[in-house]
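Chemist: My questions are about this predicted structure, shown below with the sequence.
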Amino acid sequence: MIKLENITKDYSNAGETVKVLKGITFTIKDGEFVAIMGPSGSGKSTLMHVLGALDTPTGGRYFLDEHDVSSYSQKDLAHIRKDKIGFVFQAFNLLPRATVLRNVALPLIYARVPKEERDKRAREALLSTGLSEDRFEHLSNQLSGGQMQRVAIARALVTNPSLILADEPTGNLDTQTGELVLETFKKLNAKGHTIILITHERDVAEHAQRIIHIRDGLVVKEEVSKN
């Protein structure tokens with residue numbers, strides 16, 4: 001499903017070239033749950049932007065569902081994000097004065113899906129995360145952190161993407177709530193969703209099936225998780 005071949009990414013800073021990714025190569029199969037782990041400054045956020053079609057690499061090739069998206073235009077990348085990728089962020093990024101149901105249905109509103117259909121799909125996505133139905137009409141700012149992250153996961157699922165990309169999804173949660181959210185990802189993966197988890201924490205990465213370690217813009221190790 002995902003294949004990276006010698007991906008590099010450079011940035012220009014005050015006239016100097018900064019090499020962030022220095023030749024990343026790996027493959028992620030359809031239906032895998034993989035953690036990409038590295039310390040601050042390792043390049044994992046830049047790699048996440050490439051994987052999420054939020055940015056293009058300087059060099060190398062990135063295949064997503066057998067399509068080489070490395071040199072796609074910004075317009076084409078936007079279509080890839082809309083059709084194939086669901087994002088879950090550390091900060092939740094919910095509309096505070098919108099209901100849970102509306103927050104989840106938002107991508108379908110932008111896609112002009114009829115209201116009856118989008119409400120149905122939003123409810124199904126929320127139920128798949130384990131959020132109680134009595135929370136669906138609450139405003140998102142009336143929820144706990146764990147509940148907000150479940151809503152964010154449901155929003156990522158509602159377009160039925162082939163890939164879910166989670167960037168430090170437990171970073172704003174306490175340990176117990178974070179464990180519940182990670183268990184939600186494991187259940188979704190068991191249903192066939194491909195999940196890439198970006199983290200700097202070993203105990204979080206251990207919830208995945210495989211861990212790819214990056215440091216200084218390079219893959220330094222891959223291992224099968226012990227869990």
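Modeler: Yes, it's here. Residues are numbered from 1 along each chain as shown.

Chemist: burial of Gln176, as a residue count?
Modeler: 8 (other CB atoms under 10 Å). Using the backbone N, CA and C atoms, a C-beta is placed for each residue, glycine as well.

Chemist: name the element it belongs to?
Modeler: Using DSSP states H and E, Gln176 sits within helix 175-190.

Chemist: Now do the same contact list for the spatially most central residue of the chain.
Modeler: The chain has Leu165 as the residue nearest its centroid, 1.5 Å off, counting by CA atoms, centre = their mean. Contacts for Leu165 (CB atoms under 8 Å, 6 or more residues apart in numbering) come out as Met48, Leu51, Gly52, Ile85, Gly86, Phe87, Val88, Ile195, Ile196, Ile198.

Chemist: which residues in the protein form strands?
Modeler: 2-13, 16-28, 33-37, 59-64, 67-68, 85-89, 163-167, 194-199, 210-215, 218-224 (DSSP state E).

Chemist: Arg155 is nearest to which of those strands?
Modeler: Proximity to Arg155 (CB to CB) singles out strand 85-89 among those, at 7.7 Å.

Chemist: Mind listing residues that contact that closest one?
Modeler: Applying CB under 8 Å, 6+ apart, the contact partners of strand 85-89 are 52-53, 81, 149, 152-153, 155-159, 161-169.

Chemist: so what pLDDT did Val69 get?
Modeler: Val69 is assigned 92 on the pLDDT scale.

Chemist: Look up how far Asp134 lies from Ile198.
Modeler: Noted for Ile198: a distance of 32 Å to Asp134, by CB to CB, to the nearest Å.

Chemist: Compare the two and say which is more crowded by neighbours.
Modeler: Each of Ile198 and Asp134 has its neighbours counted (other CB under 10 Å); Ile198 has more, 24 against 7.

Chemist: I'd like to know how far the more buried one sits from Arg121.
Modeler: Per CB to CB, Ile198 is found 26 Å from Arg121.

Chemist: Val220 too?
Modeler: Per CB to CB, Val220 is found 41 Å from Arg121.

Chemist: same deal with Arg97?
Modeler: From Arg97 across to Arg121, the span is 22 Å (CB to CB).

Chemist: now Glu201
Modeler: For Glu201, the distance to Arg121 - CB to CB - is 32 Å.

Chemist: Of those two, which one has the most company?
Modeler: Applying other CB under 10 Å to Glu201 and Arg121 shows that Arg121 carries more neighbours, namely 20 against 13.

Chemist: Can you tell me the number of residues neighbouring Lys19?
Modeler: So Lys19, with other CB under 10 Å, has 14 neighbours.

Chemist: and if you look at Glu5?
Modeler: Counted with other CB under 10 Å, residues neighbouring Glu5 total 17.

Chemist: Strand 194-199 and the helix holding Gln176, what's the angle between them?
Modeler: For helix 175-190 against strand 194-199, the angle by axes from the mean of the first three to the mean of the last three CA atoms, to 10 degrees is 150 degrees.

Chemist: Please identify the buried residues of helix 175-190?
Modeler: Residues of helix 175-190 classed as buried: Thr177, Gly178, Glu179, Val181, Leu182, Thr184, Phe185, Leu188, Asn189 (neighbour count, 16 or more other CB atoms under 10 Å).
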